[in-house]
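Participant: this one's sequence-less:
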């Protein structure tokens, strides 16, 4: 970021001068790039998405002159059908990042600290700073697992990603139940961005626990990262807090194309399941191939793997791959700086990754 | 809103329990409705928008699997071309409501109070409450004009809508210069949602004033309310604060359809000018017709008018219009509860409004 003078920065709100924003995985504009750095799906969205968007374009896209439904009711209904929950249990927003931001504001601005793992989605500390929260980063175990008992301490909320990022490791529904029960007076958020690739969703627990919020996205398993639709599922007294926050911030966050496209995706369950199965199969194949190359890989329930090699510096591997046009994510942070987070591609893409690694190792 | 028990609300962040969210103009689902309540454009967007969105749909909308450019560079370039400003002077977001929310956070969280007119966009007090700001609501004059001298008092920021909503009255560039000069140590935001219908834009002042932020939207003059694209124009040291806030909140707020469609709209200057001229001509005709019916109408530079009738209660007129399927906006607030805010339609729509009014008066 360009540096500005104190004279120029006097205009900034004091807190904003101290912010350390989130850094998204890069989106380079390079020909013949193999982009395995932002956990996007290698397959296109449902063909029904194209039809749905075409319908918005009818009559010179005349309908675009009108605001979208601020409540995105059609979208909530489609999510409700697919998830077998009530419409009143759904909150929708501009990507799960916006939904998470509203969750932090709605529930976690408390006297007691928010708890989350020391290694998890790197936006959690950013939100925490943004909302000036007290936080405790709870260490993962040596094998990068979440120990639920560690979250049995005074708190003003708990957030876990399940599967966790960037490790890919998942907790079970029984562990989540334990977490909910030992924190009955705090909101527990399970961020399920990657849940559809093999972990157990906590959505089935929403009716049973009045302190549970489950957050999901269309960006990964539905191949709609380009669209920006995320949602939360919880009991109505929690949804109401999210709506109050959203309607104090931006009433119409989801545009007409995004609503139409996401509805079409939720209504095409067969395609969704097929694509998730493909990604899972590709992952298992890639894991086997990389293990043969000497990598250790954490057990992943996500559309990425977290891999380390005892004979090679992770940062050198990332650099070597980059020279061959393959981009993976390396986090230069304590504990995980010898790991690479690699998004699962198609079999052909994964083969290119393996071929590139063979050149380097 | 459903009422929840204290037991249920213990999960909410304490501040969120007190929020009074914004209430958007209703979006009723009624057949043959004439919707003159949310200041939408009566004309469709540029035909180039359809082509641009079609290109996103190519190859089973394959590109949707990838995140959009978090910086929306193509969009900023298109805005830069159209507005004759540098790309580095542009911030883009999910509708001008999101841009305004980020503006409030970036600049107005100060020890001194934010100043805005007592009658203006009703989201300003909502943002102020959301960010826990001190505010002074500066009264408009008896004739609903902004008196710039009234804003010469200690403050941590000033925001004006120009033209103002819901009055439609505009201030001049000279008045804005005076405002900027008398508040050289505060950020002055000019919210130009409606500027293209006849007011003078302050964008031409951005290079000259280091404390000016101009906010615009594609929702009104570009017939793209369904899309959610807004933007701010200011010097880079102010844009940087907005980027820091945005990247601490939601990195990818503008989806691929919205970016493509908005770029196409900015690149079709001829259509844009033509449609704005039509709306202005329709406004002048409607004003004349309503004056003949005994309405007093504030001088409007917007795509709406603010009208009152000495012989009729505004709320009764709104109700009578509604019975005929014509929806206008009535604000049940002091000083303006005898006014109706009426969006400018096509000549045919405006004629239907006039015919409906004749039935009531």
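Facilitator: Arrived safely. Values in this document were obtained by computation on a predicted structure and should not be read as measured data.

Participant: quick one: buried residues of the helix or strand of chain A with the lowest mean pLDDT?
Facilitator: Within chain A, no helix or strand scores below helix A:6-9, which has a mean of 90 by mean pLDDT, DSSP states H and E. Buried residues in helix A:6-9, counted by 16 or more other CB atoms under 10 Å in any protein chain shown: A:8, A:9. Glycine gets a C-beta too; all of them are placed from N, C-alpha and C.

Participant: how does chain A divide into domains?
Facilitator: Per the record, chain A has its domains at A:6-45+A:270-360, A:48-268, by automatic domain parsing.

Participant: let me see the ranges of the helices in the stretch 101-250 of chain A.
Facilitator: Along the stretch 101-250 of chain A, the stretches classed as helices by DSSP state H, counting those that start in this stretch are A:123-130, A:173-182, A:236-246.

Participant: after the least confident helix or strand of chain A, heading C-terminal, what element do we hit next?
Facilitator: strand A:34-35 (DSSP states H and E).

Participant: mind giving me the packing neighbours of that next one?
Facilitator: Strand A:34-35 sits against strand A:326-327, helix A:347-360, with contacts defined as 3 or more CB pairs under 8 Å, 6 or more residues apart in numbering or on different chains; DSSP states H and E.

Participant: most tightly surrounded among those?
Facilitator: Highest mean neighbour count of the helices and strands packed on strand A:34-35: strand A:326-327, a mean of 22 (counted as mean count of other CB atoms under 10 Å in any protein chain shown).

Participant: residues in contact with that strand?
Facilitator: Under the contact criterion CB atoms under 8 Å, 6 or more residues apart in numbering or on different chains, strand A:326-327 has outside partners A:26, A:28, A:33, A:34, A:35, A:36, A:37, A:321, A:352, A:353, A:356.

Participant: can you check stretch A:45-58 too?
Facilitator: Stretch A:45-58 is contacted by residues A:63-64, A:222-224, A:256-257, A:260-261, A:263-265, A:267-268, A:271-272, B:50, B:53-54, B:56-57, B:60-61, B:64-65, B:226, B:257 when judged by CB under 8 Å, 6+ apart.

Participant: and residue B:330, which of the domains of chain A is closest to it?
Facilitator: Of all the domains of chain A, the one in closest proximity to residue B:330, counting by CB to CB, is domain A:48-268 (18.5 Å).

Participant: what is the mean pLDDT for that closest one?
Facilitator: Taken as a whole, domain A:48-268 has an average pLDDT of 98.

Participant: now find how far off-centre that domain is within its chain.
Facilitator: 9 Å (CA atoms, centre = their mean, to the nearest Å).

Participant: span of it from start to end?
Facilitator: Start-to-end span of domain A:48-268 (CA to CA, to the nearest Å) is 7 Å.

Participant: re the thing from before, which of the contacts of stretch A:45-58 fall within helices?
Facilitator: Counting by DSSP state H, the part of those found in helices is A:256-257, A:260-261, A:263-265, A:271-272, B:50, B:53-54, B:56-57, B:60-61, B:257.

Participant: buried subset of those residues?
Facilitator: For these, buried by 16+ other CB under 10 Å: A:256-257, A:260-261, A:263-265, A:271-272, B:50, B:53, B:56-57, B:60-61, B:257.

Participant: which two among those are spaced furthest apart?
Facilitator: Top of the distance list for these (CB to CB): A:272 and B:50, 28.3 Å.

Participant: which residues of the stretch 51-200 of chain A lie near chain B?
Facilitator: Residues of the stretch 51-200 of chain A lying close to chain B (CB under 8 Å from any CB of the partner chain) are A:53-54, A:56-57, A:59-70, A:94-95, A:97-98, A:101, A:105-110, A:126-127, A:129-130, A:185-187.

Participant: report the buried members of those.
Facilitator: A:53, A:56-57, A:60-61, A:63-70, A:94-95, A:97-98, A:101, A:105-110, A:126-127, A:129-130, A:186-187.

Participant: gap between the residue nearest in space to the middle of chain A and chain B?
Facilitator: By CA atoms, centre = their mean, chain A has its centre lying nearest to residue A:193, at 3.8 Å. Counting by CB to the nearest CB, to the nearest Å, the gap between residue A:193 and chain B amounts to 13 Å.

Participant: cool, and residue A:260?
Facilitator: 10 Å.

Participant: and of the buried ones among the ones in helices among the contacts of stretch A:45-58, the nearest to residue B:150?
Facilitator: residue A:256 (40.3 Å).

Participant: I'd say that closest one and residue A:68 touch.
Facilitator: Yes: shown here, residue A:256 and residue A:68 form a contact pair, counting by CB atoms under 8 Å, at 4.8 Å.

Participant: mutual contacts of those two, please.
Facilitator: Joint contacts of residue A:256 and residue A:68 (CB under 8 Å, 6+ apart) are residue B:226.

Participant: who are the contact partners of residue A:342?
Facilitator: Contacts of residue A:342 by CB under 8 Å, 6+ apart are A:36, A:286, A:304, A:305, A:306, A:307, A:328, A:329, A:353.

Participant: can you list the residue ranges for strands in the stretch 201-350 of chain A?
Facilitator: Applying DSSP state E, counting those that start in this stretch to the stretch 201-350 of chain A gives strands spanning A:212-217, A:230-234, A:295-297, A:304-309, A:326-327, A:339-343.

Participant: chain center to the last one, what's the gap?
Facilitator: In this view, strand A:339-343 has its centroid 15 Å away from the chain centroid, taken as CA atoms, centre = their mean.

Participant: pLDDT averaged over that strand - what is it?
Facilitator: pLDDT averaged over strand A:339-343 gives 98.

Participant: buried set for stretch A:16-29?
Facilitator: Buried residues in stretch A:16-29 (16+ other CB under 10 Å): A:16, A:19, A:21, A:22, A:24, A:25, A:27.

Participant: out of those, which touch chain B?
Facilitator: Contacts with chain B within these, counted by CB under 8 Å from any CB: A:16, A:19, A:21, A:22, A:24, A:27.

Participant: go through these and name the one nearest residue B:88.
Facilitator: residue A:21 (17.4 Å).

Participant: show me the contacts for the closest one.
Facilitator: Per CB under 8 Å, 6+ apart, neighbours of residue A:21: A:126, B:243, B:244, B:246, B:247, B:248.

Participant: try it again at 6 Å.
Facilitator: The contact partners of residue A:21, by CB atoms under 6 Å, 6 or more residues apart in numbering or on different chains, come to B:244, B:247, B:248.

Participant: excluding its backbone neighbours, what's nearest it?
Facilitator: Nearest residue to residue A:21 in three dimensions, chain neighbours excluded: residue B:247, at 3.3 Å (CB to CB, 6 or more residues apart in numbering or on different chains).

Participant: is it correct that that neighbour is in contact with residue A:22?
Facilitator: Yes: using CB atoms under 6 Å, residue B:247 makes contact with residue A:22 at a distance of 5.5 Å.

Participant: thinking again about what came up before, what's the most distant pair in the ones next to chain B among the buried residues of stretch A:16-29?
Facilitator: Every pair of those checked by CB to CB; the farthest is A:16 and A:27, at 24.9 Å.

Participant: which bits of the stretch 201-350 of chain A sit near chain B?
Facilitator: Contact residues, the stretch 201-350 of chain A versus chain B (CB under 6 Å from any CB of the partner chain): A:223-228, A:237, A:241, A:244, A:247-251, A:253, A:255-258.

Participant: can you select the buried ones among those for me in PyMOL?
Facilitator: Restricted to buried positions by 16+ other CB under 10 Å, the PyMOL selection for those reads:
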select buried, chain A and resi 223+224+225+226+227+228+237+241+244+247+248+249+250+251+253+255+256+257+258
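
Participant: tell me which of the strands of the stretch 201-350 of chain A lies nearest to residue A:280.
Facilitator: Residue A:280 sits nearest to strand A:304-309 of all the strands of the stretch 201-350 of chain A, at 11.8 Å, using CB to CB.

Participant: right, I'll leave it there.
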